[in-house]
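# pasting the structure only:
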């Protein structure tokens, strides 16, 4: 009844005519709720292209992560599930794992031929031994530079093996010559700057994220980053997606999530080069972003959801996903040679990042539940205070470390990679 | 019997609106008070402590107050001047009023985006200045490095957006003042400035009170315009409530900010009600 009413309602909306509201035409839809691929263009590609060959009807819905969490819990508590399949990041599914998500070993058992790396499959179990989600797609963060910037690359520097010192020297050379600050970071209100600190800067300089938060290495790191910031465009504090300032030539060298530079690369692939983020003394920190597919407990259409998981993890669907929205396969799938040039630029940088000798993977925070936002705030506040408000790094780190410690203890979240495993709450030393 | 029914009738007619307000205003207000005063289900001042201890608390409080103190008086002065000029018009008065009130029809976020388009690095302002040869290249106005320019950008946008509401109230107030007073004063040789100060302004007091209460309360709630133009570079109280709710996912601290805004708004209303009170014998 609910399904047919909703179908009827959307039919009215779509056609703008009551005549089309014939409940007989309504068919059983699989409700697929995702926190990923939310922007209207991407959601439309999911509906029109990626799901096109699926044998069945899918209602693709999107929700921002906090609302997603609230909705899942609320439906669980009310005992009234409306969603059949969810797609979300590893860290967003984790808090729901035991309370709201079904175990799907039966679904996973049918996907053994897909060649999903065992490490990735293991992540989907959250250490419970039971499959909670099946990996869906992956992404990461890369650097993008306008080709004009290459002339200023310091002598002897290999763009694919840059260090943070070399990045600073590079940006300085451009500023010295042009008078403009052309390095860019997504530090705006909706930007992903906190991931740069958690997945790139901290691991590269300290080998951890939480435990060495206020270590001498961290202090040296912030001092170095502050020095680098002299060559950063001050509008960075307003940038959410780096593709726009890159296209506008306001920024020549930028760091961002692949999905947030994609538009620039697809629009003008000949103007840009892509490369891995720089390395620090402890390695080349990078953050793999894994999205997974899970089935809520008591989902109205579990069989339909399982079929949709099977479809979404097919190599050909995964390749289409990469081509359309710039998230990369988790299964064994050869990306075609005639990949769109912009997507190829992303794929190359992702491969170089993962394949770097000194690559140091830093996972998204795990186990913070609804404290994830405040965890991010600590890194952003530390940045704000040290770099933008000129406070002494030592004082700020000691201060913020207390707040960080409080969050870790309140959630009792154990350390995650690359911090060393802990018994109980991850310590801040 | 009939008497009783007549005296009940107004209350019966008011009941739906009262219930509506109670359900959609009082209940959420009480819930917000509850949220702000509890932590993990226990009564605690923790949310207020976190609010006060946050790095953006003092800047957002300062920014909001300075903004109100600059924007509201400016708007009242502009609106008074515009309303008085409008009175002298014989022809085209309606068209002028209509054009002046256009910003009323624009949502605040849209207004903020309009000003962002003007003021950003490659916006209209910089293009114009470059064409005039005043600046060589794109000059940033809205960054953390240019707090003064950023502040006046927000002021300009707010004045542009919300002066019209003050204007409308004052125009209505001016129309209520009988012409005879001014004419009588003219007979005794009063100059226009004296008439304005001694007759128009005092008689306009009730309208001014309404306009000031409305504008001040709304100015303390300023958010969308600031968010569009300044983002995180110009924290204000309501903006912080929004950030704590959506980004930091901490409803308790967001509720504490909301309560702070409520208290400030109530205090300013009480202040205006007392400061601009019109004794009954002075009312026209």
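Nice, I can see it. Because the structure is predicted, anything quoted here is derived from the model rather than measured. Numbers count the residues shown, from 1 in each chain, chains lettered A, B, ... in the order given.
# can you pull the contacts of residue 196?
Went with chain A since none was named. A:141, A:185-186, A:255 (Cβ atoms under 8 Å, 6 or more residues apart in numbering or on different chains). Yep, even glycine has a C-beta here, placed from its N, CA and C like the rest.
# nope, chain B please
Contacts of residue B:196 (Cβ under 8 Å, 6+ apart): residue B:84.
# related to what we said a few turns ago, in ChimeraX, select just the buried ones from the contacts of residue A:196.
Command for ChimeraX that selects the buried part of the contacts of residue A:196, burial taken from 16 or more other Cβ atoms under 10 Å in any protein chain shown:
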select /A:141,185,186,255
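# In TSV: the contacts of residue A:196, plus distance to residue B:7, secondary structure and pLDDT.
What follows is the contacts of residue A:196, written out as TSV (distance: Cβ to Cβ, whole Å; DSSP: H, G, I helix; E, B strand; the rest coil; pLDDT from 0 to 100):
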residue	distance to residue B:7	secondary structure	pLDDT
A:141	71	strand	96
A:185	68	coil	97
A:186	65	coil	96
A:255	72	strand	97
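# May I ask which two of the contacts of residue A:196 are separated the most?
A:141 and A:185 (10.8 Å; Cβ to Cβ).
# list the residues that contact both of the two?
By Cβ under 8 Å, 6+ apart, the residues touching both residue A:141 and residue A:185 are A:196, A:255.
# Residue B:116: neighbouring residues, count only.
Neighbour count for residue B:116, taken as other Cβ atoms under 10 Å in any protein chain shown: 19.
# what's the helix or strand harbouring it in contact with?
Assessed by DSSP states H and E, residue B:116 sits inside helix B:108-119. Applying Cβ under 8 Å, 6+ apart, the contact partners of helix B:108-119 are B:103, B:106, B:123-125, B:141-142, B:153, B:156-157, B:160-161, B:223-229.
# Now which of those would you call buried?
Of the contacts of helix B:108-119, these count as buried by 16+ other Cβ under 10 Å: B:103, B:123, B:125, B:141-142, B:153, B:156-157, B:160-161, B:223-229.
# The residues you listed also near chain A: which ones?
B:142, B:227 (Cβ under 8 Å from any Cβ of the partner chain).
# So which of the buried ones among the contacts of helix B:108-119 are in helices?
Among the buried ones among the contacts of helix B:108-119, the ones falling in helices (DSSP state H) are B:125, B:153, B:156-157, B:160-161, B:224-229.
# tell me which residues form a beta bridge with the residue positioned nearest the centre of chain A?
Centroid-nearest residue in chain A: residue A:289, 4.4 Å away (criterion: Cα atoms, centre = their mean). Here residue A:289 sits in beta bridges with residue A:139, going by DSSP bridges.
# Roughly how far does it sit from residue B:216?
46 Å (Cβ to Cβ, to the nearest Å).
# what helix or strand does the closest residue to residue B:212 other than its chain neighbours sit in?
Nearest residue to residue B:212, sequence neighbours excluded (Cβ to Cβ, 6 or more residues apart in numbering or on different chains): residue B:272, at 5.2 Å. Taking DSSP H and E as the criterion, the element that holds residue B:272 is helix B:251-275.
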